[in-house]
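Asker: please find the sequence and the predicted model below.
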Amino acid sequence: MLLEMKHITKEYGTLRANDDVDLSLREGEILAVVGENGAGKSTLMKILYGLEKPTEGDIYINGELQKFRSPHDAMAKKIGMVQQHFMLLQPCTVAENIVYGHEPKKSGIFFDRKRAAAITKELCEKYGLSIDPSLIVSNCPVGLQQRVEILKVLYQDASIIIFDEPSAVLTPQEVGELLKTIKKLASMGKSIIIITHKLSEVMEVADRVMVMRQGKRIKEMAKSETSIEELSFLMVGRHIVERKIPPQETTGTVLDVQDLVLSGSDKKNILDHFSIHVDAGEIVGIAGVSGNGQSELIECITGLTQITSGDILICGKTIVGKTVGERRTAGCACIPEDRYLWGCAKQATLTETSIMAHQREPAISRYGILNTKGIQKFTSGLLERYDVRSGGLSQKTGELSGGNLQKMIVAREIELNSNLLIAAEPTRGVDIGAMEFIHSRLLDKRAKGDAVLLISSELTEIMTLSDRIYVIYDGKVAGEFRKQDATEESLGILMMGGESNEPKAV
């Protein structure tokens, strides 16, 4: 056996994140580790990679006991990790990032850039991962940045590679390429551990599956001996029931984006005469490959970016020129696409994060003085109603698991009870149980007669929830579909800049 983790226990105070967990990995094998947010998957991998020390338990590589005090110790034993949030030097080139820490030298002193570029090309050819070594990382789309992370690990000659939620930030097209890469690496003798919430990916690439729940190993089986239905049941402890979405009448326009133009620095329009509307009582989806103007559209509506021309109205009143706070007061709430960058302050407590945008409500403050008891009651209610699992109200927000933080942000924004909710990547990086819960809350908002603008790179999510769908390409509306007219093929063609002959909504 290449790798064995035996009786791993990790405690944080009274919280037992890992509870007597065993894990094994063979050479050339792909092992998927699945479970709910907070099940202990990432903690287990951090222990393997030397980022955390176990409270109890041992790690063996080829039968030899290991003591990892840091990632350097793990890397010395040929363990590499591609993390969910990339650890790249954004102003540097692809080649400079890949060789960082083990740079080739000229005359034993100077950094050899030509050799670094040559090394990168050799790696690309060997593993079939094409990328230009001279590209600046900050100019690379997310899919290419992840490729750089993988090449970094391969340059370090890792034989065991951990992928932590590798598809959480990728488009459907990029996910397909990633899964091909993982299978190719395994065929070349690399041993892979993949942590993911997406069970379809597990069924496509894994050889074995280990299910965790509440810090414990629940079951382990060959992929051929299980199914998505069984895995989802084992993960959450109940059967996931697909909610039926009945049609309903809309009652007037809530969001009206009219002929919106946002100019770029190179004189090319990022948003080019962009017009959409969202009515009360409907969910409208924006489908598109990342980087076609979705992020800028959110920023224009929420007030983070000032538009060049056009108009944006909420309930018939323009919000152009209004501040972010004034737009929230006008009825605009937003689940941001990046929960860490836009959705919270990592060092803030859960109570502080929960009242963001609620701070002027009578139960929260009076005459500018915060009501501590009111805040604690409000936060406790959010955590309970939205099943956010935490270590207490004073816990730092950044210490929550990704899925629990996402549920908290969803709770905070929905509880604003606004006429309009912008839901940007609302289920990115969450497990199947949390996804079902978040979808249910969005549908509840629709049922109340509010408007939801859904922006997601998950095409299945767009097609499942949306009453109407706009396709965005190169900053323009490439097409508009009713739910019943939209197909994955017709949307995909427009998302890639092609033309579709499918019927479009009038």
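Answerer: Looks like it arrived, so ask away.

Asker: next one: stretch 66-77 to chain centre, how far?
Answerer: Once both centres are worked out by C-alpha atoms, centre = their mean, to the nearest Å, stretch 66-77 turns out to sit 28 Å from its chain's centre.

Asker: can you count the residues close to residue 200?
Answerer: Under the neighbour criterion other C-beta atoms under 10 Å, residue 200 is assigned a count of 12. Any C-beta I mention is one placed from the backbone N, CA and C, and that applies to glycine too.

Asker: thought residue 344 was touching residue 354?
Answerer: No - look at residue 344 against residue 354 with C-beta atoms under 8 Å: they stay out of range, at 9.7 Å.

Asker: these two - which one has more neighbours?
Answerer: Using other C-beta under 10 Å, the more surrounded residue of residue 344 and residue 354 is residue 354, with 28 against 23.

Asker: touching both of residue 344 and residue 354, which residues are there?
Answerer: Each of residue 408 lies in contact with both residue 344 and residue 354 under the rule C-beta atoms under 8 Å, 6 or more residues apart in numbering.

Asker: and what about the residue most central in space within the chain, helix, strand or coil?
Answerer: Centroid-nearest residue in the chain: residue 428, 3.5 Å away (criterion: C-alpha atoms, centre = their mean). Under the three-state scheme (DSSP: H, G, I helix; E, B strand; the rest coil), residue 428 adopts coil.

Asker: which ones are touching residue 284?
Answerer: 276-278, 451-454, 466-470.

Asker: would CSV of those residues with distance to residue 335 and secondary structure be doable?
Answerer: Conversion of the contacts of residue 284 to CSV gives the following (distance: C-beta to C-beta, whole Å; DSSP: H, G, I helix; E, B strand; the rest coil):
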residue, distance to residue 335, secondary structure
276, 18, strand
277, 20, strand
278, 15, strand
451, 14, strand
452, 10, strand
453, 10, strand
454, 10, strand
466, 16, coil
467, 18, coil
468, 19, strand
469, 18, strand
470, 18, strand
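
Asker: show me where the stretch 1-150 of the chain has its strands.
Answerer: For the stretch 1-150 of the chain, strands defined by DSSP state E, counting those that start in this stretch occupy the ranges 3-12, 15-25, 30-35, 56-61, 64-66, 79-82, 105-106, 110-111.

Asker: which residues are contacting the last one?
Answerer: Pointing back at strand 110-111 there. Here strand 110-111 has contacts from 103-105, using C-beta under 8 Å, 6+ apart.

Asker: ok, 10 Å please
Answerer: Contact with strand 110-111 is made by 96, 99, 103-105, as judged by C-beta atoms under 10 Å, 6 or more residues apart in numbering.

Asker: closest to residue 52 among these?
Answerer: Distances from these to residue 52 were compared by C-beta to C-beta; the smallest belongs to residue 99, at 27.3 Å.

Asker: any idea how far the closest one is from residue 144?
Answerer: When C-beta to C-beta, to the nearest Å is applied, the distance between residue 99 and residue 144 equals 17 Å.

Asker: and the two? which has more neighbours close in?
Answerer: For residue 99 against residue 144, the residue with the higher neighbour count under other C-beta under 10 Å is residue 99, and the figures read 25 against 17.

Asker: my read is that that one contacts residue 114, right?
Answerer: No - with contact defined as C-beta atoms under 10 Å, residue 99 does not count as touching residue 114 (11.7 Å).

Asker: quick check: residue 485 vs residue 450, distance?
Answerer: Here residue 485 is placed at a distance of 24 Å from residue 450 (C-beta to C-beta).

Asker: can you pull the contacts of residue 92?
Answerer: Contacts here follow C-beta under 10 Å, 6+ apart; on that basis residue 92 touches 98, 100, 136-138.

Asker: ends of stretch 302-320, what's the gap?
Answerer: Across its full length, stretch 302-320 reaches 10 Å between end residues, using C-alpha to C-alpha, to the nearest Å.

Asker: same thing with stretch 36-52?
Answerer: The separation between the terminal residues of stretch 36-52, taken as C-alpha to C-alpha, is 20 Å.

Asker: now do stretch 36-54
Answerer: End-to-end distance of stretch 36-54: 21 Å, with C-alpha to C-alpha as the criterion.

Asker: ok, residue 366 touching residue 374?
Answerer: Yes - checked against C-beta under 10 Å, the pair residue 366 and residue 374 is within contact range at 8.9 Å.

Asker: okay, these two: which has more neighbours?
Answerer: Here residue 366 and residue 374 are set side by side on neighbour count (other C-beta under 10 Å), and the busier one is residue 374, at 16 against 12.

Asker: just the pLDDT for the residue lying closest to residue 363 once chain neighbours are set aside.
Answerer: Spatial nearest neighbour of residue 363, excluding adjacent residues (C-beta to C-beta, 6 or more residues apart in numbering): residue 374 at 4.5 Å. Confidence per residue is given as pLDDT, and for residue 374 that number is 95.

Asker: going forward, the N-terminal residue is numbered 9.
Answerer: Sounds good: first residue 9 from here, last item residue 382.

Asker: and residue 382, how close does it get to residue 362?
Answerer: With distances defined as C-beta to C-beta, the gap from residue 382 to residue 362 amounts to 12 Å.

Asker: and for residue 76?
Answerer: Spatial separation of residue 76 from residue 362 under the definition C-beta to C-beta is 36 Å.

Asker: now residue 496
Answerer: The spacing between residue 496 and residue 362, counted by C-beta to C-beta, is 37 Å.
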